[in-house]
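Enquirer: Next come a sequence and a model predicted from it.
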Amino acid sequence: MKNYLKKITLTALTGAVLTTGMSAFAVSDGQAKPFKDTIHLEGQNVYCWNAEGKQIDYLRYKSTTYVPVRTVGEWMGKTASYDDASKSILLNGSTDKVYRKQTEHAVSMETWTKQMENGVSVKIRDDMKLVVDGKQKPLKDALGKEAYPINYNNTNYIPITTAAELLGMTIKHPLEGTDLDIFIRTPLTEEQVAQGKEYVDALFKTFSYAALTAEGVDLPDVLRAYHHLDFSDMAGFIGDPNPVDNEDSIFRLMRRSARDPKMSIDAIKRYAELSIETINKMTAIKKPDLPVLDIHYENMLTDAKNAIASCEAVLKAVADGKDLKTCEDLMLMSTTKRRSAYDACEFVTTAPYLMEDVLLEK
């Protein structure tokens, strides 16, 4: 009877381990906190999800950020599993890489706030090892010292330093401070960074007020009038809630001047035409062969199509003889079905800023 009960107990424990990824024998307890800052992977903000598709937290333990093994597998294009017999965290095979976006959080804001204040209990698993495609891999913390997996809420985590090494990427992360954003990217040579910067600078020039003025591009007078205005004391301003003097983006200047009393149908028409011309110039510039820019480039192309469609709707309204307010609204006001032309155009211009950030790792 004793042997029978022992067999049942061992079977149950083994089943729990395989289901949750947690060994039955934790080595020691530790205290961690949710990582509240952002991880940028190849210039994208990346998040970790549980099996139910809800966002869970990266963890911060002793100045090192830890990532769920499941998430590391998704970044690598490998399947994560756990072998209890050898106490091995396994990453195997080859599948599509996945970078998760922000989604509904698995815990409430109240719970998260308490976790940030009080921390969460984790298990330090120095009895576990990481095995990638049959080869054991050492774990290192942010200081390069030997580290171990940690287990929280039945999920195994490894240091993000190790994750970056497995990806073959560089990592930039502050150990302490108020801003702990982490940047992981494909290694770039100085020449590649220079190529990327040259490309990004060319994109910036397409929508730069200063560059377009120097080229003699036809800019409506109402837009020119807004380039040197000080909006700091303007009550009820409809555009940028935090305006800056001498804004250089023509799209932001268009927004500033959107409800100007001197606005005319001809100016609105020129705004839409200029937007289309500018965006076509942006997408015509050849991108260098740098994979770290690919996702932002693809997003720029998608946003460009949407922006051109919004601007074409404005031109159609002008051609159909619609009144000034209707045309202004098409440029300025978003609906449930589409972004305003100004918003759509500004979405296109976010790509160069994100590209610059990933190139400079900031």
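Expert: That came through fine.

Enquirer: for the stretch 201-350 of the chain, which spans come out with low pLDDT?
Expert: Where the stretch 201-350 of the chain drops to pLDDT under 70, the residues are 228-246, 335-336.

Enquirer: ditto for the stretch 51-200 of the chain
Expert: For the stretch 51-200 of the chain, no range has pLDDT under 70.

Enquirer: all helices for it, in order.
Expert: Here the stretch 51-200 of the chain has its helices, by DSSP state H, counting those that start in this stretch, at 69-76, 109-118, 160-167, 190-206.

Enquirer: so who does residue 179 touch?
Expert: Contact analysis of residue 179 by C-beta atoms under 8 Å, 6 or more residues apart in numbering lists residue 37. Bear in mind the C-beta positions are built from the backbone N, C-alpha and C, glycine included.

Enquirer: Make TSV out of the helices of the stretch 51-200 of the chain and add distance to residue 140.
Expert: Below are the helices of the stretch 51-200 of the chain laid out as TSV (distance: least, C-beta to C-beta, whole Å):
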stretch	distance to residue 140
helix 69-76	14
helix 109-118	26
helix 160-167	5
helix 190-206	26
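
Enquirer: can you put these in a markdown table and add mean neighbour count?
Expert: Conversion of these to a markdown table gives the following (neighbours: other C-beta atoms under 10 Å):
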| stretch | mean neighbour count |
| --- | --- |
| helix 69-76 | 23 |
| helix 109-118 | 12 |
| helix 160-167 | 22 |
| helix 190-206 | 16 |
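
Enquirer: wait, which of the ones you listed is closest to residue 270?
Expert: helix 190-206 (16.6 Å; C-beta to C-beta).

Enquirer: Show me what secondary structure element comes after the strand or helix carrying residue 325.
Expert: Take DSSP states H and E as the rule and residue 325 turns out to sit in helix 324-332. Counting by DSSP H and E, the next helix or strand C-terminal to helix 324-332 is helix 341-360.

Enquirer: circling back: for the helix holding residue 325, enumerate the helices and strands it packs against.
Expert: Helix 324-332 is packed against helix 265-284, helix 294-319, helix 341-360, with contacts defined by 3 or more C-beta pairs under 8 Å, 6 or more residues apart in numbering; DSSP states H and E.

Enquirer: out of those, deepest packed?
Expert: Among these, judged by mean count of other C-beta atoms under 10 Å, the one packed with the most neighbours on average is helix 341-360 (a mean of 21).

Enquirer: angle of that one against helix 265-284?
Expert: 30 degrees (axes from the mean of the first three to the mean of the last three C-alpha atoms, to 10 degrees).

Enquirer: Which strands or helices does helix 341-360 pack on?
Expert: By 3+ C-beta pairs under 8 Å, 6+ apart, helix 341-360 packs against helix 190-206, helix 250-256, helix 265-284, helix 294-319, helix 324-332.

Enquirer: Now distance to residue 28 too, for those, in JSON lines please.
Expert: Putting those into JSON lines (distance: least, C-beta to C-beta, whole Å) gives the following:
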{"stretch": "helix 190-206", "distance to residue 28": "43"}
{"stretch": "helix 250-256", "distance to residue 28": "54"}
{"stretch": "helix 265-284", "distance to residue 28": "55"}
{"stretch": "helix 294-319", "distance to residue 28": "40"}
{"stretch": "helix 324-332", "distance to residue 28": "59"}
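
Enquirer: Can you say which of those is nearest to residue 152?
Expert: helix 294-319 (29.5 Å).

Enquirer: Output the contacting helices and strands for the closest one.
Expert: helix 265-284, helix 324-332, helix 341-360.

Enquirer: can you redo the ones you listed as a markdown table with distance to residue 144?
Expert: Listed next are those as a markdown table, based on distance: least, C-beta to C-beta, whole Å:
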| stretch | distance to residue 144 |
| --- | --- |
| helix 265-284 | 42 |
| helix 324-332 | 53 |
| helix 341-360 | 24 |
